[in-house]
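In: Got a predicted model here, sequence first, then my questions.
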Amino acid sequence: MPEDSVRDERLFDIEGDASARSCHRPHPESTELNRCSPLVEGEVSVMAMTTSTVPTEHWHLLDDGRVQCDVCPRACKLREGQRGLCFVRAREGDAVVLTTYGRSSGFCLDPIEKKPLNHFLPGSSVLSFGTAGCNLACRFCQNWDISKSKETDTLADAASPDVIARAADELGARSVAFTYNDPVIFLEYAADVADACRERGIKTVAVTAGYICPEPRAQLFSHIDAANVDLKAFDEDFYHHVSGAHLRDVLDTLEYLVHETDVWVEITNLLIPGKNDSDAELDAMTRWVVEHLGADVPMHFSAFHPDFKMLDVPPTPPSTLTRAREIAQGNGVQHAYTGNVHDRDGGSTRCGVCGEVVIERDWYVLGAYRLTDDGRCRSCDTPLPGRFDGPAQHWGARRVPVRLADFAGAA
Ligand code: SF4
């Protein structure tokens with residue numbers, strides 16, 4: 001993909017869907033403790049001066065001279081020089097460009113269970129990275145320094161698709177994850193990284209809020225192997241006022257991924273006390289999942305920690321996660337998990353037929369593993385839903401920062 005550099009010095013207001021001001025979830029992997037992107041002193045001033053700009057195709061000219069971005073339902077309408085709400089897509093001439101191609105906010109090796117994905121290459125390590133910006137605006141975002149960044153000084157690592165794939169290969173990672181912020185807003189870059197990974201047999205994972213229009217959605221996910229989709233609530237009012245988005249678009253993405261692609265899908269629901277954790281809402285959400293997606297789609301119920309613009313709400317008690325899991329199981333969700341807590345029962349995987357514990361987990365660490373290499377229960381031979389390829393690995397809970405520059409020279 002052609003690439004050039006431009007200097008960005010301005011921040012503009014935009015004219016978009018004001019009702020849809022939304023953002024990325026406070027994902028369990030994105031907490032302050034877990035955040036990577038260690039900036040190297042001395043690099044910031046250089047990277048802050050340049051971003052990498054490439055053409056995009058999902059936009060159209062309006063009669064009034066503005067250009068509308070068609071990547072996500074926000075539908076930003078841009079005049080010359082303006083940026084979208086996500087900040088990384090901008091109008092340049094009579095087109096919309098992506099300004100952060102090939103730039104990253106940092107790389108780390110993580111356990112795949114941290115995305116979280118419990119049915120995708122269990123125990124393996126995943127090379128994780130993000131860029132900057134977000135097309136949502138959640139008041140509770142725990143990754144806000146990246147997702148809400150309006151400066152390119154968070155983009156410390158130059159990261160071409162080939163170098164990322166090579167790094168993952170040499171580090172022994174089975175997959176690369178687009179995470180920390182939503183790959184929806186940098187889909188051209190994510191697609192090229194995924195293609196480079198496929199050439200080396202490396203899978204790719206999208207951690208996403210699923211707030212994307214149909215055409216770019218089909219384009220992005222045709223390159224992706226697995227996704228964890230954030231279902232923030234089951235209430236349009238919550239999506240509108242807390243995340244600034246629309247529930248229907250996210251549900252459409254879930255149905256599309258499960259029924260029209262080969263992407264392996266798991267769902268995360270972050271429970272915020274008093275906001276989205278009522279029995280009635282959890283009951284409605286999990287009934288919808290079973291009815292519209294099927295009982296085999298795993299659900300992760302994870303704990304909120306006060307952050308960003310939601311500091312007045314207490315952390316989620318573990319009992320809430322257990323209650324949500326029980327409601328989900330009662331409605332037929334076959335694989336419901338408690339997330340980001342120590343809970344062996346709530347974190348372990350059971351065979352849906354014989355009930356045997358087939359993957360024992362304590363948070364991100366695997367214990368006993370009773371699946372065949374192709375993912376069948378060793379007790380009753382029933383295939384476990386998911387993607388399995390070989391014996392379990394035991395990466396454990398380690399989180400290892402990776403410096404991409406160390407892999408750039410070995411072409
Ligand atoms: S991707 Fe960015 S620029 Fe495009 S509509 Fe969404 S927020 Fe606006």
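Out: Nice, thanks for sending it over. Residues are numbered from 1 along each chain as shown.

In: max-length strand in the chain?
Out: Counting residues, the longest strand found in the chain (DSSP state E) is strand 264-271.

In: Contacts for the helix or strand just after that one, please.
Out: Taking DSSP states H and E as the definition, the helix or strand that follows strand 264-271 towards the C-terminus is helix 279-288. Taking contacts as Cβ atoms under 8 Å, 6 or more residues apart in numbering, the residues outside helix 279-288 that touch it are 231, 233-235, 251, 269, 299, 323-324, 327-328, 331-333, 336. C-betas here are computed from N, CA, C, even on glycine.

In: picking up where we left off before, between helix 279-288 and the longest strand of the chain, find me the angle.
Out: If you take axes from the mean of the first three to the mean of the last three Cα atoms, to 10 degrees, strand 264-271 sits at 170 degrees to helix 279-288.

In: Who does strand 264-271 pair with, and is each partner parallel or antiparallel?
Out: Neighbouring strands of strand 264-271 in its sheet, by DSSP bridges, are strand 226-230 (parallel), strand 299-303 (parallel).

In: Chain neighbours aside, what residue packs nearest to whatever residue of the chain ends up closest to the ligand?
Out: For the chain, the residue closest to the ligand is Gly84, as judged by Cβ to the nearest ligand atom, at 2.0 Å. Spatial nearest neighbour of Gly84, chain neighbours left out: Cys76 (3.8 Å); criterion: Cβ to Cβ, 6 or more residues apart in numbering.

In: quick one: that neighbour and Val67, what's the gap?
Out: Distance check for Cys76 against Val67: by Cβ to Cβ, to the nearest Å, it reads 9 Å.

In: what's the answer for Val400, then?
Out: When distance is defined by Cβ to Cβ, Val400 is 42 Å away from Val67.

In: likewise Val207?
Out: As judged by Cβ to Cβ, Val207 and Val67 stand 29 Å apart.

In: In this structure the residue nearest to Gly84 contacts Val88, no?
Out: No - assessed by Cβ atoms under 8 Å, Cys76 is found out of contact with Val88, at 11.5 Å.

In: List the strands paired with the helix or strand where His60 lies, with their directions.
Out: Taking DSSP H and E as the definition, His60 sits inside strand 59-61. Strand 59-61 has its sheet partners listed here by DSSP bridges as strand 67-69 (antiparallel).

In: wait, does the partner strand contact the ligand?
Out: Yes - contact of strand 67-69 with the ligand (Cβ under 6 Å from any ligand atom) involves Cys69.

In: And the next helix or strand past that strand?
Out: Next in sequence after strand 67-69, counting helices and strands by DSSP H and E, comes strand 77-78.

In: near the ligand at all, that following strand?
Out: No - no part of strand 77-78 sits close enough to the ligand to count as contact by Cβ under 6 Å from any ligand atom; the gap is at least 7.3 Å.

In: mean confidence for that strand?
Out: Model confidence over strand 77-78 averages 97 on the pLDDT scale.

In: Can you tell me what sits against the strand holding His60?
Out: Contact with strand 59-61 is made by Val67, Gln68, Cys69, Asp70, Val71, Asp94, Ala95, Val96, as judged by Cβ under 8 Å, 6+ apart.

In: centre of the chain versus that strand, how much separation?
Out: With Cα atoms, centre = their mean, to the nearest Å as the basis, strand 59-61 stands 27 Å off its chain's centre.

In: Kindly report the same for stretch 188-206.
Out: Relative to the centre of its chain, stretch 188-206 is centred 15 Å away, using Cα atoms, centre = their mean.
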